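*Asks:* my questions are about this predicted structure, shown below with the sequence.
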Amino acid sequence: MSTRLLPAVATAAVIGLVAGAAGVWLLDDDGRPDVGDSTIAPSIIGAPDGTILAAGLEHAQSCDDLAATMQALTEEYGQSGRWFGGPMPMAAETTADAGGADEMASDDGASLAATDQGSLDATNVQEIGVDEPDIVERLTEDLLVVGTEGMLRVVDTSGATPVVRGELAVQEWGGDLGLFRISDTRVAVLAQGEGLVRADLATSMIRPGGWGTSVVALVDVADPDRPREVSRMEVEGWTIDARAVDGILRLAVRSEGPQIDIYAQGEFDVERDFDWENATDEDYERFDREYQAEYERRMEEALAQLQPEHWQPFASVDGRTLPLVDCDRIGFPTSFAGLGTLTLAAIDARGDSLAIDDSEAVVTSGENLYATTDRVVIATTRWDVQPMPEPEPVPLPEPEPTFEPGEPAPEPEPEPEPEPLPGEEETEPAEPEAPAPSEEETVEVEVLPMIAPPWMGWGGMTDLHVFDVEGTLVSHVASGTVDGNLLNQYSMSIHEGVLRTATTAFVDGRTESLVTTFRVEGTDLVQLGQVGDLGPNEDIQAVRFMGDTAYVVTFRRTDPLYVVDLSDPTAPRTRGELKIEGYSAYLHPLGGGQLLGIGQDADPETGITRGVQVSTFDVVDPTAPARIDVDVTPDSHSEVEWEPHALTVTADRLAVVPVEIWDASPNGRLGALLYRISGTGELQRVGMLNSGGDWQLRPRRTVDLGDQLLTIGERGVIAWDRTDFRVLDTVRFGTPSFQGAEEEFGDMGGGEPGFER
């Protein structure tokens, strides 16, 4: 059997084996994937002793099986394969071995009050008892830590004004750090790093583990003047998100797998010697043949260097390398969902060394994470899902001559048979005969079957993976699929054993938003009910689930606020709707049947945004939601619109909203708007905490110290009197040692910090 590699991008310096790199498809003469001499095994659900390894996933028995399956999927779906996955099957009813419905317990945020975070933690969290990574953590009444620019700074607030006691460089890449309070004297820090975890697995053409690492550092601040790192973990891949409960981190990380650099051996001879200006059609045909031959030779050489360990994610803990997840705990969905490995790991940060206590993985990507104290849901959105097309030659670099490929394109794969209508008998197609193993084969491996060929119309679907996280244990429970895509973590919620989602989907030639309910039955997420037609031709801008009610904001030119009744999860229904100008990008519960909305005002004719809009809503009567009050700041935006952690609402209902105003004043104004919210929901705009035009002092978070408000910026904090809001002190952080000189941002000519009424 001859194998032909279709034309690739001649100018691409690096071609990876996973999603996100240039597309390459390896096909045999009849247009079907070439999986070598590996055998196609039946579904692998459990271990040889019959133990179920992970619900709803197909598992290999060894790292060899994992590698064989990953390489076969790479050859079949190509590097863009993650975009061509089909819907994950969901059972219409409980499967035979389901053993009944599984109630999903939760710490639902139904009664979440803006002032009740349950601890000193300053972070505005979605669920009580589940900490989220943020750039500020309050460890004690008098001590907090700030993580910006890759630095951890310890700030002492015990005196009349704050004092920076000590600092520690955690990540020289800079940027924000994700902080978790572990105890009064310890904090866990999340950062993105670079380098290789398994440098020993690197070859002349293969870089293992992708292009980045996730860093977890355990920092001790018992001596505030000398914070010290006591343990460090580096994990292959990029952090999706993380949560912490009682000192246990639940880290979701996506590992990209091995990356192949076909240019590690230098430029192709034919590229270097080709005369682009004077070439004839025959020259271009020769170029194609020679380029293809050299490309195939290099790819064969690179593939020969692959080892099973290249496909298994690894971690390094205090210099000791170990698997992030065992091969037999990496599961494949029963329909292709991408080539990244999404791992959920339980990391114990309570001791003197970080420890990976348990982990489970799914071969998929991931974007959004929602968590309660005992459940984690990870969502993976699929876009533009279509049947795998016949690959076409990619244009060569400029100039782009017209030429015919040296060999005819393979015959296209047959279109998938349509699904039978209800009541029709479904017949299973005959399975192709497995190729005979070669005599040279020394290791018997199994390639897991995938559902043939993927299908779906434009508009996208979202895979949902549910994990049990009890203490330090992680166990995949079930997986399912919902139409459309999620906005963020607030688009998911668990209440009384029911998972609820809010998505925007493309239905019958238009967008509409859906609220869908699910219950775990056996190994599947089974849909219980759905309400649609929310915001026709609009997209979701904000979602908040509270108890058995969902509040959904959609927008294109006006802002409908929908109230969805979920008291009967099998029959959700829209109870009320409110249309106003602009939209809310974040909804915050105030208690007493009131919501606070932060977003943008907008022109009702064009939908063009006009500035930060702060609104309060009365939702006591679900059939008649009403806006109580509104305040608009023209020509402005707020970090709260995309980062809810930036909002602070104090116990006495003082709302602090960071804002950047681009008006006629020199270089605009940077600061935070102050609002007093009455018991009946009226907004009193108190004024603005103006940070004085210094970009690195602009308020990104606010901490209420009782007698002071502390606004926290990139490189400093400002203390404001809690009574009259005068500036008490401005404390600047030092320049990170690894940055050398000050950046271009500094005093932008806006004057000194001060309070504006």
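*Replies:* The structure has been received and is ready for your questions. Numbering: from 1, shown residues only.

*Asks:* show me the shaky parts of the chain.
*Replies:* 1-56, 77-122, 334-336, 383-459, 557-559, 666-667, 738-750 (pLDDT under 70).

*Asks:* centroid-nearest residue for it?
*Replies:* Nearest residue to the geometric centre of the chain (C-alpha atoms, centre = their mean): E367, 2.6 Å.

*Asks:* hmm, L342 and that one touching each other?
*Replies:* No: if you go by C-beta atoms under 8 Å, E367 and L342 don't touch, sitting 10.0 Å apart. C-betas here are computed from N, CA, C, even on glycine.

*Asks:* shared neighbours of these two, which are they?
*Replies:* Common contacts of E367 and L342, defined by C-beta atoms under 8 Å, 6 or more residues apart in numbering, comprise 240, 380.

*Asks:* mind listing the helices for this structure?
*Replies:* Applying DSSP state H to the chain gives helices spanning 63-77, 269-273, 281-305.

*Asks:* most neighbours per residue, which of these?
*Replies:* helix 63-77 (a mean of 23; mean count of other C-beta atoms under 10 Å).

*Asks:* now for E141, how many residues are close by?
*Replies:* Other residues lying near E141 total 12 when counted by other C-beta atoms under 10 Å.

*Asks:* let me know the distance separating it from L705.
*Replies:* Separation of E141 from L705 (C-beta to C-beta, to the nearest Å): 9 Å.

*Asks:* spit out the residues that contact these two alike.
*Replies:* Residues touching both E141 and L705 (C-beta under 8 Å, 6+ apart) are T157.

*Asks:* nearest spatial neighbour of E756, chain-adjacent residues omitted?
*Replies:* Take E756 and drop its neighbours on the chain: the residue closest to it by C-beta to C-beta, 6 or more residues apart in numbering is M688, 4.5 Å away.

*Asks:* from G522, how far off is the one you found?
*Replies:* From M688 to G522 the distance is 55 Å (C-beta to C-beta).

*Asks:* over to L168?
*Replies:* 48 Å.

*Asks:* just G509 next, same as before
*Replies:* 36 Å.

*Asks:* neighbour-wise, which of those two wins?
*Replies:* Applying other C-beta under 10 Å to G509 and G522 shows that G522 carries more neighbours, namely 20 against 8.

*Asks:* that one reaches S479, doesn't it?
*Replies:* No: between G522 and S479 there is no contact under C-beta under 8 Å: 11.3 Å.

*Asks:* measure stretch 247-265 end to end?
*Replies:* With C-alpha to C-alpha, to the nearest Å as the measure, the ends of stretch 247-265 fall 47 Å from one another.

*Asks:* er, stretch 368-377 I mean
*Replies:* Note: stretch 368-377 ends 8 Å apart using C-alpha to C-alpha.

*Asks:* can you give the contact residues for that stretch?
*Replies:* 104-108, 126-127, 129-130, 240-243, 245, 250, 252, 344, 378-379, 381, 464-470, 477, 486, 488-489, 491-494, 499.

*Asks:* do that again at 6 Å, thanks
*Replies:* For stretch 368-377, the external contacting residues (C-beta atoms under 6 Å, 6 or more residues apart in numbering) are 104-107, 127, 129-130, 240-241, 243, 245, 250, 252, 378-379, 464, 466-467, 469-470, 486, 488-489, 492, 494.

*Asks:* contacts only, for the nearest residue to L249 once chain neighbours are set aside.
*Replies:* Closest residue in space to L249, ignoring its immediate chain neighbours: I347 at 4.2 Å, by C-beta to C-beta, 6+ apart. If a contact means C-beta under 6 Å, 6+ apart, then I347 has 249, 251, 354, 356 as its contacts.

*Asks:* from V253, how far off is I347?
*Replies:* Taken as C-beta to C-beta, the span from I347 to V253 is 10 Å.

*Asks:* show me what Y583 is bridged to.
*Replies:* Q600 (DSSP bridges).

*Asks:* got the contact list for it?
*Replies:* Here Y583 is in contact with 541, 553, 555, 559, 599 (C-beta under 6 Å, 6+ apart).

*Asks:* run the last query once more with 8 Å
*Replies:* The contact partners of Y583, taken as C-beta under 8 Å, 6+ apart, are 541-542, 553-555, 559, 599-600, 602, 613.

*Asks:* and of the residues you listed, the nearest to D184?
*Replies:* Closest approach between the contacts of Y583 and D184, by C-beta to C-beta: A542, at 35.4 Å.

*Asks:* quickly list what the closest one is bridged to.
*Replies:* Assessed by DSSP bridges, A542 has beta-bridge partners V553.

*Asks:* correct me if wrong: it contacts A502.
*Replies:* No: using C-beta under 8 Å as the test, A542 is too far from A502 to be in contact (9.5 Å).

*Asks:* just give the nearest non-adjacent residue to M205, would you?
*Replies:* A302 (4.2 Å).

*Asks:* isn't the one you found up against I206?
*Replies:* Yes: assessed by C-beta under 8 Å, A302 is found in contact with I206 at 6.2 Å.

*Asks:* shared neighbours of those two, anything?
*Replies:* What both A302 and I206 touch, as defined by C-beta under 8 Å, 6+ apart, is the set I260.

*Asks:* re earlier: is it true that the residue nearest to E756 touches F755?
*Replies:* Yes: using C-beta under 8 Å as the test, M688 is close enough to F755 to be in contact (7.4 Å).

*Asks:* please say which of those two ends up with more neighbours.
*Replies:* Relative neighbour count places M688 above the other of M688 and F755, with 21 against 17, counting by other C-beta under 10 Å.

*Asks:* any idea what that one is bridged to?
*Replies:* When bridges are called by DSSP bridges, M688 pairs up with L673, E756.

*Asks:* if we can go back for a sec, got a ChimeraX select line for the buried ones in the contacts of stretch 368-377?
*Replies:* Only the buried entries of the contacts of stretch 368-377 go into this ChimeraX selection, using 16 or more other C-beta atoms under 10 Å:
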select :104,106,107,127,130,240,241,243,245,250,252,378,379,464,466,467,469,486,488,489,492,494
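
*Asks:* filter the contacts of stretch 368-377 down to the ones in strands?
*Replies:* 240-241, 243, 245, 250, 252, 378-379, 464, 466-467, 469-470, 486, 492, 494 (DSSP state E).
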